[in-house]
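**Q** how would this look folded up:
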Amino acid sequence: MPEIAPPARVDVMRRFNRFYTRQIGLLQEGLLRSPFSLTEARVLYEIAHRAAPTASTLGRELGLDGGYLSRILRGFRRGGLVDRRPSPDDGRQGLLSLTRRGRAAFASLDERSRDEVGTMLGRLPASAQRRLIDAMGAIEELLGAPRPAGPASPYLLRSHQPGDMGWVVHRHGVLYAQEYGWDERFEALVAEIVARFVKKLDPKRERCWMAEMDGEVVGSVFLVKQSRTVARLRLMLVEPRARGMGIGTRLVGECVRFARQAGYGKITLWTNSVLRAARHIYQQAGFRLVHEEKHHSFGHDLVGETWDLKL
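**A** Have a look, this model is predicted:
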């Protein structure tokens, strides 16, 4: 059965919903000073961004009642905003598209939306904008939003540079506190790991990779020597805004490739059962769960896991 959230967390989420709906003007009678409600504006958006969708497709993907959607579409057709033509594959279905008037109405609505969001972001410094976008990405990921279609932003992997170790410690501390509620003892552990890596680095058998996108670091992973034949994968992290692009898979793949070249016979790693996305990446790379153990760390009861990959 799904875990029941504590009432205090439910209250926090409801408070955020009230704040955000007020912040973006959803309580106004017309969205963005337009004659359209939020639902009507969303239906216009979907028709504008799809290749002749049917009403049943829109209703299914937006989760709208069929009768409610039909009334909206009838209003759009009466207003000259939407055309409907029979589907060549199924005469019972109609293919929807925006008219010239509909495209103009949507373009005006879309421009207002971009301007308002741009103004909202413009009040914040660049660092705060990144925090906000990262937090939104985390919300989408945790609530199961589909990844946007289209080409992903390019990224590159590079070796570590001065300043990167501070980023690794800071972002682990921030993200694990935000996403899992872990306390500062986890950040202290990460600091110990990276300090040991820098002080005792064996370049022939150990490596750190940093992922960079749009000039900013968005991920990291370490491969360190545990013994002559065993390497340990540590501190794999991908920023929320860069997740879903294959960066985590690529980072783990680089560790595996380097370990083979360095002559290791096995890679081992330690993680926790709550880190589901990371566990999926490890499993896809061929790692197998070999040990589980309950422990209390970073302010939480956790289940630690050891995963191994034979090379």
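**Q** from here on, contacts and neighbour counts on C-alpha atoms
**A** Noted.
**Q** Where does Leu109 fall, secondary structure wise?
**A** Per DSSP states H and E, Leu109 falls inside helix 100-122.
**Q** Listing request: residues of the stretch 151-300 of the chain with sub-threshold pLDDT.
**A** Along the stretch 151-300 of the chain, the model assigns pLDDT under 70 to residues 151-153.
**Q** What of the stretch 1-150 of the chain?
**A** Along the stretch 1-150 of the chain, segments meeting pLDDT under 70 span 1-3, 24-34, 89-91, 145-150.
**Q** Helices of that one, start to end?
**A** Assigned by DSSP state H, counting those that start in this stretch, the stretch 1-150 of the chain shows helices spanning 7-23, 38-48, 55-62, 66-78, 100-122, 126-142.
**Q** circling back to that earlier point, next one: the helix holding Leu109 to chain centre, how far?
**A** Counting by Cα atoms, centre = their mean, to the nearest Å, helix 100-122 is centred 25 Å from the centre of its parent chain.
**Q** For that helix, name the packing helices and strands.
**A** Taking 3 or more Cα pairs under 8 Å, 6 or more residues apart in numbering; DSSP states H and E as the contact definition, the neighbouring helices and strands of helix 100-122 are helix 38-48.
**Q** The helix it packs on versus helix 66-78: what angle between them?
**A** Orientation of helix 38-48 against helix 66-78 (axes from the mean of the first three to the mean of the last three Cα atoms, to 10 degrees) gives an angle of 70 degrees.
**Q** Please identify the most buried of the helices of the stretch 1-150 of the chain.
**A** Greatest average neighbour count among these goes to helix 38-48 (a mean of 18), per mean count of other Cα atoms under 10 Å.
**Q** elements contacting that one?
**A** Taking 3+ Cα pairs under 8 Å, 6+ apart as contact, the helices and strands that helix 38-48 lies on are strand 94-98, helix 100-122.
**Q** Can I get that helix as CSV, trimmed to CA atoms?
**A** The C-alpha atoms that make up helix 38-48 are tabulated as CSV, following Å, rounded to 0.1, in the frame of the first residue of the first chain:
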residue,chain,number,x,y,z
LEU,A,38,-7.4,28.3,-17.5
THR,A,39,-9.0,25.1,-19.0
GLU,A,40,-9.9,26.9,-22.2
ALA,A,41,-6.4,28.3,-22.6
ARG,A,42,-4.9,24.9,-22.1
VAL,A,43,-7.2,23.4,-24.7
LEU,A,44,-6.1,26.1,-27.2
TYR,A,45,-2.5,25.4,-26.3
GLU,A,46,-2.9,21.7,-27.0
ILE,A,47,-4.6,22.2,-30.4
ALA,A,48,-1.9,24.7,-31.4
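**Q** Spatially nearest residue to Tyr176 (excluding sequence neighbours)?
**A** Computed as Cα to Cα, 6 or more residues apart in numbering, the closest residue to Tyr176 that is not its neighbour in sequence is Trp182, at 5.7 Å.
**Q** Assess the claim that the one you found and His296 are in contact.
**A** No: proximity of Trp182 to His296 does not meet the contact threshold set by Cα atoms under 8 Å, at 11.0 Å.
**Q** Among the two, which residue is more densely surrounded?
**A** Of the pair Trp182 and His296, Trp182 is the one with more neighbours under other Cα atoms under 10 Å, namely 18 against 10.
**Q** and this protein, what are its domains?
**A** In the domain annotation for the chain, the residue ranges read 7-123, 155-310 (automatic domain parsing).
**Q** rewinding a little: tell me which of the helices and strands packed on helix 38-48 sits nearest to Glu61.
**A** Proximity to Glu61 (Cα to Cα) singles out strand 94-98 among the helices and strands packed on helix 38-48, at 14.9 Å.
**Q** which secondary structure elements does the closest one contact?
**A** Contacts of strand 94-98 with other secondary structure elements, assessed using 3+ Cα pairs under 8 Å, 6+ apart, are made with helix 38-48, helix 55-62, strand 82-86.
**Q** Dump those into TSV; add distance to Arg114 as well.
**A** Formatted as TSV, the helices and strands packed on strand 94-98 follow (distance: least, Cα to Cα, whole Å):
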stretch	distance to Arg114
helix 38-48	13
helix 55-62	22
strand 82-86	23
